[in-house]
Each structure stands twice: as C-alpha cells, then as structure tokens.
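Undergrad: What would the 3D arrangement of this be:
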Amino acid sequence: SRRRVWMVRMQRSVSGTWAEARATAARFCSCAFSIRFCTTRVKRYSSGKTTSRINASPRFSAKITARMPHRRQASANMLMMPEVNSSSTVSTSPTKRETAAPDSWFTKASAGSLSSLAHMALRRAWVIFWPNTVSKLSRYAETVNSEIRFIGIPKTIDNDLVLTDHTPGFGSAAKYVASTVREIAIDASVYDNKKSVTIVEIMGRHAGWLTAASVLARKFEGDNPVLIYLPEVAFDQEQFLADVQKAFEHTSNLVVCISEGINDGNGKFVCELASDVGVDTFGHKMLTGSGKYLENLVKDRLGVKVRSIELNVNQRCSSAMLSATDEKEAIASGSFGVQTALKGTTGMMIAFHRTDDADYHITYAPEDVNLICNQEKTVPLDWITGNGSDIGQQFIDYALPLIQGSVKVPEEGGLPRFAYRKN
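TA: Predicted coordinates:
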C-alpha cells in the first residue's frame with residue numbers, strides 16, 4: 001500500500017517523466033496520492049467497479065504525515081481554510097474532445113473519493129486531469145460542505161485546452177516530433193536514386209498542433225517535410241495525389257506529415273476508408289491506419305516507393321528530447337497551483353498567458369474550469385497555408401520558444417532512471 005501512495009497520474013504527456021513529476025510529486029507531496037485515487041475511482045465506477053486501489057485510513061495517513069514533517073504544518077493550516085461558494089454549472093453533453101461523465105454516477109464516485117480524502121486529512125487536491133473532473137469534484141465538494149479544494153493543472157501534449165496559450169507537455173512533444181521528423185528526412189534523403197514518399201502519422205484527432213510542429217524540422221525553405229496535413233482542413237485524396245506529384249518536381253524523396261484525424265470535412269476519417277474502426281471507452285473512434293491507407297493509395301495510384309511511419313506513443317512518453325522551457329513552466333505552474341489553493345480557491349485551472357513583449361514571457365492565472373470543459377482549441381485556419389498542405393510562419397513564431405533548451409535526464413546503467421512501482 002505504501003507504494004501505491006505515490007502513483008501520481010500523469011498520462012498523455014512527454015514531459016510527465018520529469019517536468020510534470022517535479023511539478024506534482026515534489027511540490028504536491030501532501031496530496032500526490034489523492035490524484036490517482038480520485039481518477040481511478042471515478043473511472044472504475046463507470047464500469048460498475050467501485051472499489052478503489054487505495055484503501056486509506058487515519059492510521060495510514062498518520063504514518064505518511066510523520067514521514068513528512070513539512071506536511072504537518074501545512075495540514076494544520078488546511079483545516080482552517082474557508083469555504084468558497086460557487087454557483088457555476090457545466091454542460092455535460094459529449095463533444096469532439098471528450099465525453100463528460102454523467103453526474104448520476106460521478107456523484108456516487110465523488111462521495112467515496114471525498115470521504116477517503118477526508119480520512120487522510122487532505123484539504124487540497126491538485127488534479128492532473130481533464131477539466132470536467134475538476135469541475136465536478138469541486139461542485140460536489142461544495143454541495144457536501146467539504147473543505148477540499150480542487151485545482152486543475154493542465155497537461156496534454158495535444159495542446160487543445162482553451163483559455164491557455166499552451167499546455168505543459170506540448171513543448172517537449174513538439175520538440176520530439178520535430179526532431180524525429182528531421183531524422184526521418186535525413187534518412188530518406190540518402191535514397192536519391194529514385195522517387196520515394198515517407199508518410200509520418202502523428203497524434204491529433206481534431207486538433208493538429210503536434211502535426212504542425214513537424215514544420216520546425218525544416219532546415220531551409222522547401223525542405224522536408226514538404227507536405228503537412230492537419231484535421232482542421234478537409235482532406236481530399238485527389239488533391240493529395242496532385243500535391244505529391246507536384247512536389248516531385250523539386251524533391252525526389254518526399255516526407256509527408258499527417259494528423260491521425262485527417263478527414264473529408266464531413267466527419268469521416270481517412271482511416272475509416274480502409275477498415276472498420278472501433279471506439280474507446282468515451283465513444284471516440286480509435287484512429288489508427290491513416291498513414292497506412294495513404295501508403296497504399298500512393299503505391300496503387302503513383303507506383304513509387306512509399307512507406308508509412310506511425311510515431312505512436314513515443315510522442316507522449318519519450319524523455320529523450322525534453323524541452324527545458326517546458327520543464328520550467330510545468331514546475332512554475334505547479335507552484336502557482338499550490339499558491340492558488342492556499343488562498344481557498346477551487347474549481348479553477350492554471351492557465352498560461354503569453355505577454356506581448358518582444359521576448360517570450362509567460363504569466364500564470366487561474367481560469368474557471370466550467371469555461372474550459374467540453375471546449376477544444378484547434379490550430380487557427382490562417383496559420384494553415386498551401387491550400388491546406390503547409391504551415392505558416394505564425395505557427396513557427398508561436399512554437400519555437402516552447403522547444404528551447406534541453407534537459408539532462410538522470411541515468412542508471414546508461415539508461416534513463418525513472419520512478420516506478422514494483423508489483
């Protein structure tokens with residue numbers, strides 16, 4: 001049970017290994033175990049399993065407190081935190097980004113979660129999860145007069161949360177994508193004796209932020225990736241083939257980057273043209289195979305050498321190319337989240353605001369999660385050029401500051417040393 005305490009949920013973020021870990025496990029030592037507890041319990045209840053993976057008790061909480069002297073003083077202050085009244089409401093209708101959990105079962109799950117958190121003498125929880133979770137937990141806590149405060153710490157490599165300039169994890173993921181695509185382009189360039197196409201499929205269901213980051217791989221104008229397609233613009237197969245043919249006029253070894261969610265503009269994903277597509281637990285279509293479909297299309301129609309590469313989970317879990325800027329901002333946002341909760345605030349998400357200064361600078365501010373729930377930030381259409389097959393300078397200016405600097409990852413035996421849980 002001791003090992004389970006430190007299972008902080010950090011899904012879907014490249015910088016989660018170090019940047020977000022330091023912004024949560026190190027800064028949020030008084031509540032790190034509550035994060036995993038809350039989210040696990042809610043998810044299990046949706047499938048009819050209400051048992052939690054953490055069976056907390058006052059005696060267990062006392063042991064943890066005794067091992068962390070700095071937490072004892074914090075806990076004393078937590079008990080005196082004033083209540084915050086709010087009448088905010090949130091829509092729970094499904095959207096493209098996520099399907100909201102029904103209040104009917106969430107309330108039951110919340111009751112168990114809050115009860116156990118209270119046993120652990122916790123009064124604040126920083127949730128690294130979707131805004132809907134923060135909204136519903138904070139609203140339920142208010143209805144039962146709970147003193148626990150919930151502050152959302154944004155973390156998604158998709159970079160699709162509204163009311164924030166960007167999210168922790170995106171900078172490192174963007175750096176990984178750009179670096180990997182540049183390496184793929186170098187590899188493709190050695191085979192210049194005949195025409196070839198390399199299609200790189202990158203994460204992005206409805207928002208193409210990560211795929212757009214592939215433009216940073218270019219070393220000069222006209223360099224690979226020559227063609228880039230995002231889900232924000234309708235994808236036309238015939239136009240795609242024409243784009244490839246035209247690109248061959250100046251580049252014999254093409255690298256094409258596509259989002260997994262490229263579609264025809266009417267809701268049909270390109271990957272659906274190849275085979276039946278399943279759905280995940282939220283009812284979202286499981287998108288795999290867009291790159292493979294286009295590989296076969298190019299092979300059949302153009303008769304050139306072609307291969308497809310899916311970057312897959314490496315985009316979110318690799319620690320090889322972390323951005324120092326991303327790590328710094330993740331830690332700063334975590335610290336600001338602590339300060340915000342200490343003021344008695346709840347039901348808010350820490351947002352990043354970019355200043356208008358000539359030099360890149362970010363400030364942090366709490367934003368109402370009820371204004372963020374069920375919303376999705378996509379790449380602005382005026383940042384997409386080339387009739388939907390390229391990315392403009394505006395995105396480059398936006399993304400470049402986010403990938404600056406590198407992080408030295410601790411090693412053990414020549415390999416990255418990560419925190420882990422033994423079974």
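
Undergrad: What residues of the strand or helix carrying Ala141 count as buried?
TA: Secondary-structure assignment from DSSP states H and E places Ala141 in helix 131-143. In terms of neighbour count (16 or more other C-beta atoms under 10 Å), helix 131-143 has its buried residues at 131-142. To be clear about C-beta, it is placed using only N, CA and C from the backbone, and glycine gets the same treatment.

Undergrad: can you map out the helices along the stretch 151-300 of the chain?
TA: 170-189, 209-212, 237-247, 290-302 (DSSP state H, counting those that start in this stretch).

Undergrad: Ignoring the adjacent residues along the chain, who's closest to Arg205?
TA: Distances taken as C-beta to C-beta, 6 or more residues apart in numbering place Gly261 nearest to Arg205, at 4.1 Å, with adjacent residues excluded.

Undergrad: What is the helix holding Ala141 packed up against?
TA: helix 32-46, helix 103-119, strand 124-127, strand 149-152, strand 348-354 (3 or more C-beta pairs under 8 Å, 6 or more residues apart in numbering; DSSP states H and E).

Undergrad: rerun that using 7 Å as the cut-off
TA: If contacts are counted by 3 or more C-beta pairs under 7 Å, 6 or more residues apart in numbering; DSSP states H and E, helix 131-143 sits against helix 32-46, helix 103-119, strand 124-127, strand 149-152.

Undergrad: That helix to strand 348-354, inter-axis angle?
TA: Taking axes from the mean of the first three to the mean of the last three C-alpha atoms, to 10 degrees, helix 131-143 and strand 348-354 form an angle of 140 degrees between their directions.

Undergrad: What's the mean pLDDT across helix 131-143?
TA: Computed over helix 131-143, the mean pLDDT rounds to 84.

Undergrad: same question, stretch 230-245
TA: 97.

Undergrad: Let me see the ranges of the strands in this protein.
TA: Ranges of strands in the chain, per DSSP state E, are 124-127, 149-152, 196-202, 227-229, 253-259, 305-310, 348-354, 362-368, 384-385, 390-391, 411-412, 415-416.

Undergrad: nearest to Leu322, of the ones you listed?
TA: Of all the strands of the chain, it is strand 415-416 that lies closest to Leu322, at 10.4 Å by C-beta to C-beta.

Undergrad: pLDDT (mean, whole number) over that closest one?
TA: 94.

Undergrad: can you list contacts of it?
TA: With C-beta atoms under 7 Å, 6 or more residues apart in numbering as the test, strand 415-416 has contacts from 319, 409.

Undergrad: Over to stretch 321-329?
TA: 14-15, 18-19, 168-169, 171-172, 175-176, 179, 352, 362, 401-407.

Undergrad: So for that stretch, mean pLDDT?
TA: Here the average pLDDT along stretch 321-329 is 96.

Undergrad: Can you show me the CA trace of it as PDB?
TA: Output in PDB follows, covering the C-alpha atoms of stretch 321-329 (Å, rounded to 0.1, in the frame of the first residue of the first chain):
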ATOM      1  CA  MET A 321      14.200  15.300 -26.200                       C
ATOM      2  CA  LEU A 322      12.600  17.200 -23.300                       C
ATOM      3  CA  SER A 323      12.300  21.000 -23.600                       C
ATOM      4  CA  ALA A 324      13.900  22.900 -20.800                       C
ATOM      5  CA  THR A 325      11.300  25.700 -21.300                       C
ATOM      6  CA  ASP A 326       8.500  23.100 -20.900                       C
ATOM      7  CA  GLU A 327      10.000  21.700 -17.700                       C
ATOM      8  CA  LYS A 328      10.500  25.200 -16.200                       C
ATOM      9  CA  GLU A 329       6.900  26.200 -17.000                       C
END
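
Undergrad: Show me which residues of that stretch are buried.
TA: Neighbour count says stretch 321-329 has 321-329 buried, by 16+ other C-beta under 10 Å.

Undergrad: cool, and stretch 343-354?
TA: So for stretch 343-354, counting by 16+ other C-beta under 10 Å, buried means 345-352.

Undergrad: and the residues you listed, which two are the farthest apart?
TA: Thr346 and Phe352 (20.1 Å).

Undergrad: hang on, isn't Val244 packed against Val255?
TA: No: counting by C-beta atoms under 7 Å, Val244 stays clear of Val255, with 11.2 Å between them.

Undergrad: So for those two, which sits in the more crowded spot?
TA: Between Val244 and Val255, Val255 has the larger neighbour count (other C-beta atoms under 10 Å), namely 29 against 24.

Undergrad: Grab the nearest non-local neighbour of that one.
TA: Asn224 (3.8 Å).

Undergrad: what's the burial count for that neighbour?
TA: 25.

Undergrad: OK, contacts around it?
TA: So Asn224 contacts 185, 188, 254-255 (C-beta under 7 Å, 6+ apart).

Undergrad: May I see those organised as CSV, with pLDDT and distance to Glu232 added?
TA: Shown next, in CSV, are the contacts of Asn224 (pLDDT from 0 to 100; distance: C-beta to C-beta, whole Å):
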residue, pLDDT, distance to Glu232
Ala185, 96, 23
Ala188, 93, 26
Leu254, 97, 22
Val255, 98, 20
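
Undergrad: If we only consider these, which is nearest to Ala217?
TA: Ala185 (6.3 Å).

Undergrad: Now the nearest residue to that closest one once chain neighbours are set aside: phi and psi?
TA: Closest residue to Ala185 apart from its sequence neighbours, by C-beta to C-beta, 6+ apart: Asn224 at 3.8 Å. With angles defined as degrees, to the nearest 10, Asn224 sits at phi -70, psi 150.

Undergrad: hmm, back to that, closest to Thr156 among the buried residues of stretch 321-329?
TA: Nearest member of the buried residues of stretch 321-329 to Thr156, counting by C-beta to C-beta, is Asp326, at 12.4 Å.

Undergrad: out of everything not next to it in sequence, what's closest to the closest one?
TA: With C-beta to C-beta, 6+ apart, the residue lying closest to Asp326 is Gly171, at 3.4 Å.

Undergrad: go on, Val226?
TA: Ala247 (4.8 Å).

Undergrad: Number of residues surrounding that neighbour?
TA: With other C-beta under 10 Å as criterion, Ala247 counts 20.

Undergrad: rewinding a little: okay, the buried residues of helix 131-143 in a markdown table with distance to Asp382 next?
TA: Shown next, in a markdown table, are the buried residues of helix 131-143 (distance: C-beta to C-beta, whole Å):
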| residue | distance to Asp382 |
| --- | --- |
| Pro131 | 27 |
| Asn132 | 30 |
| Thr133 | 33 |
| Val134 | 32 |
| Ser135 | 31 |
| Lys136 | 35 |
| Leu137 | 37 |
| Ser138 | 36 |
| Arg139 | 37 |
| Tyr140 | 41 |
| Ala141 | 42 |
| Glu142 | 41 |
